[in-house]
Every structure is written in structure tokens, then in C-alpha cells.
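sequence first, predicted coordinates after that:
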Amino acid sequence: MTLVGRAALLLAFAAALYAVGAALWSRRAGQGRFLRSAERSVWAVFAATTTSVVVMWTLLLANRFDVADVAGYSNLTLGWRYKITALWGSQAGSLLLWMWFLSIAAVLVVVTNRRRNRELMPVVVAVLMGVAVFFTSVLSFITSPFATVSPVPADGRGLNPLLQNAYMESHPPLLYVGYVGLSIPFAFAIAALVTRRLDSTWITSVRRWTILSWMFLTVGIILGSRWAYEELGWGGYWAWDPVENAALMPWLVATAFLHSVMVQERRGMLRIWNMVLVVLTFTLALFGTFLTRSGILSSVHAFGESTLGPYFLALILVVLAGSFALLISRMSLLRSENSLESYISREAIFLYNNLLLVGLAFAVFWGTMFPVLSEAVQGQKITVGQGFFDQVAAPIGLALLLFTGVGPLIPWRTASRRQLRRRFMWPLVVAAIAVVPAVFYAQDGAHWWAAAAIILGAFTVACIVGEFWRGMAVRHQLGGVSWPGAFGQLFVRNRRRYGGYIVHLGVVSIIVAIACQGAFSSQGDLALRTGQTGEVAGYQFTNEGGTRSRDDHKMSVGVSLAVSEGGDQFTTMVPGVDVFTAQMQRSSEVAVDSSPFRDVYVVLVGLTPDGLARISVFINPMMMWIWIGGIVMVIGALIAVWPGRRPRGPAAVIPAGADGRVRE
Amino acid sequence: MAYLIIAVVSVLLVALVAWPVLRAAPEGSPPGQGDDMRAVEDELQRSLDAIREIEMDHRAGNLSDEDFAELDRDERARAVELMNRRDSMSAGGAA
Amino acid sequence: MLPSDAVKSRSRFAIALALAVALGGWLIWTSIGGSLETYSSPSGLITSANGTTYRLNGTVAPGSPANAAERAQTAAGLRFRVRDKDRPAVSVPVVYRGSVPDAFRDGREIVVTGHMENGVFQADRGTLITLCPSKFMQEQAEQGKTMPGGIPGESTGT
């Protein structure tokens, strides 16, 4: 079996190598048939990689402990679901997953471009398969998922209990889909540069890919936070850990790209900038994989030191140097078709938003890499605390929130003052109303940024609702359709715009929730004997007795707590701790009571035989809105990429020319 | 046994990949021509979308009358130019 | 657009860009100043002066309390020693309060933030982190099949 797996990977490596060569060769005059051959080779890479993934899963399910990664990350008692998950528990396995997704993505690109982009495709195939060559060679020659051990252990070590939950089943694959998806815009950008077809075709071709990859990254990041919140038991969800930052950085730059791309499509500007963003996004995706797998930075998630660091670093350097050399050589072809006419225009706002997003990504990068840099420069490893990230992210996040509201209301090219005043009157009124509760809650002034987030959030929501309202009003008048019909028509007519607004609503929800959680959360520790009651932040907790149980997997203890507010009991919470016998590892089972305004989050710290329970209580306001915001963002993104051309409206029949000066 | 399977599958894959090269297919039209056409079509479609969006924004009150007149005129001029380019290209392709 | 207009717009653009970059740089610079933490092993600590904020990295020396999580919630705090990874003879006493990760136990690699005070490392509240949750096996082999510390059901008293 392991032989088949290894052979499949070698075959994938050979096929990818051939695809690169054949694709590049096909660019010579008269050699066009080699492109079809290269595309078939992409299919071969996909088939071979799929085979090795299937082999790996078979080995995991068959408890083949002679395979190192099976012995290391699975055992006899592990359920089949987590045996599937164990594939990406190991380093080699997670790279295999990356490679598999890449091969799937490459096949999809080949299938969807059978008749399109024929001039770009040779380079696109060569770039994607070049990346595949890297991954298959790493998997074949450096860290094989099919490495064997002897003597063969009787049982495996089992999967880390922290990874045995639905979040960890879905979070790494989703992130990887996002990372891999970002390689496609990169491949098309490079192809456009190489072939000098620098019109907007490549951007149109990758638009959906970019939004979808971005969406997967979003879901991956949010599920990761949710995992940290529910499984790690420290009451928080984000710690600016290197691994978290590794996912956030490409997300930030991809977000910038999604916006600046519109400027290029509409105004023919920012063409060099967009190239830079695409290259950076892909590099950061590689860097993210590198960071989580290289062990150069300590992290809560540290996967252990590995030998892969230099190889990844080399790949990243090659990608960066190659792309920028190519970009510089094509600089003269990337001249802007227009220039900025006003600082108050849609394109200007997009530019500010881009600078903020990239600036934030840079700050996160700087903070993450500071220990490595300081060690190189000063010989002393100096890290930056979470305070740094919070301090930088808060003002940038608030400014982004402001532009989220302002941007859509400002027309392209230029805006007249009178028009602006009319447009922003209502949002400003709403913001003024929001000042009252915001200032009331943030009375001591220490929470000014939470107050600012609430005010700006209200302003932005008012802006977006206004946009929907005006759009619906026009549809209602024009087509004589009902109001709900008008609402639906907005999405049909301009998916990207209105889907984008929905995404913005999700973003507002998340930023406001983060600010409120950061400013107004409270924490307290209680030690309660059976029957005793303690209070944290106005909530009373009564110990109603502990429970203990054990099965062949784990020993569990729990304590039953009656929770009341102002004398009314509203729920019973049962926080607990599991101890997994196979790994001798504790795992907190936190209890969370969610409501729109606050989460009550209880961790059982310890329970003595005589019934003394020690618990930590966290009251986290608005937490639910982070998850709701995430769902809203996904819905918005799906609306934006939903297939199908918009129907042609009356304006499609134009050429008459508005003022008669132009005619066909 | 495993070796045999691997060998057979490898040979099959090689045959599959090599087939388009070995079969001396007549060269179709050079790549790029269709792409040029599509690039113009895309550009035109975007321009038409822009015109529609400008019109909607004007009706919705996001654009003042003067701004609308200018933006609309420019965008329509661009759309017409793109249409001309498309027509001349398809005429050239047919000839 | 007239060329002169384009030039003007370009230079204005450059100024705006430079301003934004300067502002961002300033923001990063001021924020980073207040939050520097020197990464250090126990042996690096002893020779250093008081007052600096450290991120102490090492392994938990044998003999840490079994009910670590509970002790960390008491006023006295959790007391344990952190041992140098490379020089096992060197260790430093630590006082810590706040939540203790589930993986905390003898021999586990940890990172904790705090400062030195009279030869004792005073850890900041809630900063204790354990490393490498996916590499638990080697340690288990080293330690034999003993029960790890801090299992709630097995601990006795506080």
C-alpha cells in the first residue's frame, strides 16, 4: 500500500514537471498541440495525487501503524471521522492535502478555460504546475506521508484531543482551500505579464476565484477563532498568535485586492498596484503555510520543528524575485489609463482602504516577525506583546469601518459637495443618535475606541441601508414591482455590488462586537462548595453538585451550576474537564450560554472529592455577533459570486449617445 | 502485484498525456485572436454595466445632474468606441 | 486629461502616499515601544536586571503542584520552577495567577510573560502558554505512564 502511495506521488511529480515543460514549449510557434498535452498532464497530476490521498486515508482507517504518520496521529480507539481528520494532523499529511487541493484547482482552471484565454493558459498551467512540482518533490523526497517505522507499534499515539472536534475537522481544510485558491489569480497575473496581455481579461477570469478563495479564508479564520474560544478555555478567541496572523495577512491583502480590482475594471488605474497585491497575496499564503509548518516562531499551535523551513523560504524568495523582476520588465505596459481626479471619489476611497489594509498587514507581519528580525540584528530575541497589535489594529479597523460606510455613497471620479451633504445627512443623524448610548457605556473615556466603533458602526449601517433603500425605490418606480420584488431585483441586477454590501454588514457586526468584547468584558474566579453561591458581574452561580464518569477513552468530571441574574435562574450550566486516557491530556469542556447581548462563559478549573468547585467566569458582551457577522459575510460573498450574467436592462440599448455628439 | 498495477497505470497515463502531441492535429486558428475579441467584449460589457450603474445611481439620487451628464457622456463614448472596435475586428476576422 | 494636470495629480498622489506611510510608520513605532518583551531562557534571566518585561521560555521542572490550575486561582498563586531547555541545572522560581492551560504539567515546554523581582519571576496574569500540543508522545515515553498533574478528580484539597 505505501508503495502505491509513494509511486502515485512520484508520478504526480513527473507529470507536473512534464506539464511545466510542455506548457512552456507550446508557446513556440506551431507547437500549440503541446498545450493540450500539458492540460492532460494536469489531469494526470490530479489523478495521481487523489490516489495517494485515498491510499493515506485507507492506511489511517486500516490502522496501519507501520506508517509513521498513522502511528503518530491515530490509534485503535479513534473514531473514523477523526481518522479522516488525522490526515492533516501530521506535517506531511497537511502538505499532501495542500497539494491535493492545488491539483483540484488546476483541473478546474483547465476545464473552465478550454476555449478561453488560450494565449494565457500555457503560462497559467506552467505556474500552477511549477508550484505542484515544489509540493510533490517535498512530499516525495523530503517528508513523505508514507514513511514507515520499525518496530511496528501495537497501537498509535492517537490524535491530539484538542483537534478532535468539528472545528478542527473543517478549519484547516478551509484555510488551505483559501490559500490554494489564491494561487490561481497569481498564475493568471504572471501569465498576463509574460504574454503582455495586460488588459483586464486576466482580472475578469480570476474574479470569482479571488472572491471564493477570500470567502474560504474568511470562514477558516472565523472557525479557527471559534475553535480557540470553545476549546482552549481561556475566555478569548484571538491572541495575535503567529499562526493566526499567518492566516490574517493574506486575508487582509486579498481584501485590498478585491477592492482595488474594481478601480482597474472601471477606471483603468492601479494596474501595477494590483499586480503587486496579487503577488503579495500568494506569497503570504505560502508564507502562512511556511509559518505554521517551519517552527521558526513559537506559537500555541507550534507543530514542532521541521526541516522544511529552508525549502519554503527558497520558494517564497523565488516567487517574489521572479514576479517582481517580471513586473519591472513590463512596467511600461502597465501605465494608468486615467489619473486620480479628486480625493473625494470612489477610486480615492478604495485607495485609502487599500493603504489601510496593506498597512495593517505590514504591521502584523512586522509584529509577527519581530523576534526573528531582532535576533538577526541584535542577537536578542525580542517579541512584541499583544498590546502592539491591539494598538495598531484598533485605529486602522475604525478607519476601515468609516470607509466601509462612506465609500459606496461616493460616486466614481468626483463628487459635488451639495450631493455629499444630501447623501450623508441621514447616516450622520443616525450616528449622532448612537453617540448617546456609546458615550453612556464608555463613560470613563478609557473605552473611547469601543464608543467610536459603535458610532461608526451605526453610521455605516445607515449608509448601507440607505443604499438599499434608494436602489429599491428606483426599481419600485421603474418596473412597478413590489418592494420585496425590488429588493430581490437589486441582487439579480448587480450581484457584486449588493452582495458586497451584505459582506460589509457582516464586517460592521464583527468590528463592533470585537470592540465591545474588548472593552466591556469582565472576568472572575469563584470557589464554591456544593450549595454555595457566588457572584460575578451581576450573575449568581450556585454549585448544585459535581458529576464524574469514565469510559475507555476518557475520564470526565463536571459540575452543575444554576445561573441566575437578579434572583431569576435562567439556565443551568455544566462546565467540565475530560482527561483522555490515551494521551494523559486534559481538555476543558467549557459551558457557554449565548444571547445577543452577552455570552456567559464558564470554565471548570478543578473539582475536589469533597465537592469544592473552582470555576472561572467570563462575561463577554456581543460575542454572538462575531459569528453572526461571519455567516453574513459568507452569504454576501456567495451572492457576489453566484453564477449567471445579469439580464440586460433598458440601458443596454444605448449607442444613441446622451448628447448626440457620438454616433455609431 | 503492486508493481504491475503501478506500471500499467503509468503507461496508461503517459499514453493519455502524449496522445494530443502524437496525433498530428491540424493547427486551428492561432491562439489569441479569439481572446482579443473576448477582451473587447468583456470591456464593452463592463462599460455597459457602468452606464447602467451610473443611470441607477443618478435615479437613486447618488449623482447630481451635472455629474451624471458628464459621467454618462464619457462612458457612452467609451462604449461606442468599443463597439466600433468589436465590429471592425469581427469584420476583419470574416474577411 | 492635460499632461500638466496629470503631473500635478501624480505629485499630489505621491505626497498623500508619503503622508499615509509616515503616519502608519509613526503608529507602528509608538505602539511597538510600549510592548517589547525580551524572549529569554531561565539562564538568560538571572544575569539581567529587574524591570525588563520578559517572555520566559523553558520546561516545567519536576515537582510542580498536581493541582496547578486550582492553585493559580488562589491569592498565593501557583508556584513552580521553570528549567532551562539547554542547561537543565538552571531553573528559576515562578509565581503565576490566572488560567492554566490544560496541557500544563512537569516537563512541558511553556512560555510565560512577566518580570523578575527579588529572584522570583512574577508572571503577568493569564499569560501562561504551553507549546507543542501535537508532540505529546515523546514526553509520555520519557515519563512513563504516570498520571499528569491537575486532573480535577484526582487532586486533593487546595
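Yes, it's here.

please see if stretch A:417-424 touches chain B.
Yes - judged by Cβ under 8 Å from any Cβ of the partner chain, stretch A:417-424 comes into contact with chain B at A:R418, A:Q419, A:R422, A:R423. All C-beta atoms are positioned from the backbone trio N, CA, C, and that covers glycine.

helices along chain B, start to end?
Applying DSSP state H to chain B gives helices spanning B:2-22, B:33-60, B:65-94.

one more: chain C?
C:3-33, C:42-46, C:68-71, C:136-143.

who does the shortest one touch, helix- and strand-wise?
Judged by 3 or more Cβ pairs under 8 Å, 6 or more residues apart in numbering or on different chains; DSSP states H and E, helix C:68-71 is in contact with strand A:598-607, strand C:78-83.

which of the residues in stretch A:596-611 are buried?
A:R598, A:D599, A:V600, A:Y601, A:V602, A:V603, A:L604, A:V605, A:G606, A:L607, A:T608 (16 or more other Cβ atoms under 10 Å in any protein chain shown).

contact partners for the spatially closest residue to the fourth one that is not a sequence neighbour?
Same thing as A:Y601. The spatially closest residue to A:Y601, leaving aside those adjacent along the chain, is A:F618, at 4.1 Å (Cβ to Cβ, 6 or more residues apart in numbering or on different chains). Residues in contact with A:F618 (Cβ atoms under 8 Å, 6 or more residues apart in numbering or on different chains) are A:G235, A:S521, A:S522, A:Q523, A:D599, A:V600, A:Y601, A:V602, A:V603.

is it true that the fourth one lies in a strand?
So the one you mean is A:Q523. Yes - the assignment for A:Q523 (DSSP: H, G, I helix; E, B strand; the rest coil) places it in a strand.

quickly list what it is bridged to.
Note on A:Q523: beta-bridge partners A:F618, judged by DSSP bridges.

mark which of the residues of stretch A:417-424 next to chain B are part of helices, please.
Short answer: the residues of stretch A:417-424 next to chain B in helices (DSSP H) are A:R418, A:Q419, A:R422, A:R423.

what's the most distant pair in those residues?
Distance extremes for those: the farthest pair is A:R418 and A:R423 at 9.8 Å, using Cβ to Cβ.

hang on, A:A637 packs against A:T218?
Yes - when contacts are counted by Cβ atoms under 8 Å, A:A637 is listed as touching A:T218 (7.2 Å).

show me the contacts for the spatially closest residue to B:A60 that is not a sequence neighbour.
Nearest residue to B:A60, sequence neighbours excluded (Cβ to Cβ, 6+ apart): A:R470, at 3.7 Å. A:R470 makes contact with B:A60, B:G61, B:N62, according to Cβ under 8 Å, 6+ apart.

quick check: angle from whichever strand or helix holds A:I631 to strand A:598-607?
Using DSSP states H and E, A:I631 sits in helix A:624-641. Calculated by axes from the mean of the first three to the mean of the last three Cα atoms, to 10 degrees, helix A:624-641 forms an angle of 120 degrees with strand A:598-607.

near chain B, anything from helix A:624-641?
No - Helix A:624-641 stays clear of chain B (Cβ under 8 Å from any Cβ), getting no nearer than 14.1 Å.

can you get me a residue count around residue 90?
Picked chain A for this. Using other Cβ atoms under 10 Å in any protein chain shown, A:S90 has 23 other residues around it.

other chain: chain C
17.
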